[in-house]
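A.B. asks: here is my input; please provide its structure:
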Amino acid sequence: MNIYINDRACEAATGERLIDVARKNHSHIGYFCGGNGICQTCYVKVLEGMELLSPLSDREKALLSDDLIEEGIRVACMTTLDKPGKVSLLTTIEEVKRTFETRPFDLVAYQGKMGWASLVKFPETIAMQAQRFSEGKLDPVQLVIDIAGAIGDAVDLVFRSLRQVIAGAAPEKKAFARQYVATPPKEASGKNGACDSSCAKPVPEIHESLKLQKHAPVN
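C.D. replies: You can find the predicted model right below:
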């Protein structure tokens with residue numbers, strides 16, 4: 001089945017996390033912590049198909065404010081595809097990119113909204129993460145490995161984007177074609193078509209002051 005992330009079809013299967021679908025299809029999504037539910041950069045807005053996704057978990061509710069939940073925001077590393085069907089998502093970092101390109105002044109209000117949402121849920125977020133560490137659900141070694149993998153994927157995505165930009169901006173090379181200029185025929189005025197002294201092009205006379213003296217030094 002396919003789901004749509006940032007208006008692009010992505011191959012997916014039921015049971016997969018949204019972040020895993022986005023990563024394997026090289027979609028524009030944040031995942032600095034490698035999908036461990038820490039960095040909160042993998043937020044997505046569900047435009048269609050919310051009923052096909054896993055229900056909101058307590059962990060998600062500890063991260064998302066009521067306003068964000070009402071807007072259809074989900075945490076991609078904590079949400080799975082439960083049923084087949086049409087799902088359409090817009091990642092928050094893609095939303096920021098589009099806003100910057102079309103309405104840059106709206107970013108101030110957007111950042112304020114997201115910052116306030118994080119501040120409101122900050123106590124619950126800290127308590128939830130502390131509980132995860134105490135229960136051994138976060139392996140520090142695996143966390144480092146996942147972060148390194150996320151950075152590698154991000155670098156790869158940047159190079160892919162640069163290659164697309166360069167390919168689109170490269171000017172089309174035109175095939176070289178040698179062109180020849182026709183030489184006008186000489187007018188014959190002498191015997192047997194030979195040109196006499198009257199055909200010679202007159203040489204302009206050089207003023208005496210401009211003539212180079214025989215032994216004058218040349219600087």
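A.B. asks: ranges for the strands of the chain?
C.D. replies: Applying DSSP state E to the chain gives strands spanning 2-5, 8-11, 43-48, 73-75, 88-91.
A.B. asks: between these, which one is closest to residue 167.
C.D. replies: When the strands of the chain are compared by Cβ to Cβ, strand 8-11 sits nearest residue 167, at 17.6 Å. Where you see a C-beta, it was placed from the backbone N, CA and C, and this is true even at glycine.
A.B. asks: so for that closest one, what's the average pLDDT?
C.D. replies: The predicted model gives strand 8-11 an average pLDDT of 95.
A.B. asks: ok, stretch 32-47 next?
C.D. replies: Averaging pLDDT along stretch 32-47 gives 86.
A.B. asks: tell me where the model's unsure across this protein.
C.D. replies: Scanning the chain for pLDDT under 70 picks out the ranges 138-162, 164-165, 168-219.
A.B. asks: isn't residue 69 up against residue 62?
C.D. replies: No - the criterion here is Cβ atoms under 8 Å, and residue 69 misses it with residue 62 at 11.7 Å.
A.B. asks: the two: who's more crowded?
C.D. replies: Remark: of residue 69 and residue 62, residue 62 carries more neighbours, 18 against 14, as counted by other Cβ atoms under 10 Å.
A.B. asks: in this structure, which spans are helices?
C.D. replies: Under the criterion DSSP state H, the chain contains helices at 18-24, 58-63, 66-70, 92-102, 107-134, 140-169.
A.B. asks: circling back to that earlier point, how about the strands of the chain in TSV, adding mean neighbour count?
C.D. replies: Converted to TSV, the strands of the chain look like this (neighbours: other Cβ atoms under 10 Å):
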stretch	mean neighbour count
strand 2-5	20
strand 8-11	14
strand 43-48	18
strand 73-75	22
strand 88-91	21
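A.B. asks: now distance to residue 81 too, for the ones you listed, in a markdown table please.
C.D. replies: A markdown table is the format used below for the strands of the chain (distance: least, Cβ to Cβ, whole Å):
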| stretch | distance to residue 81 |
| --- | --- |
| strand 2-5 | 7 |
| strand 8-11 | 11 |
| strand 43-48 | 11 |
| strand 73-75 | 11 |
| strand 88-91 | 11 |
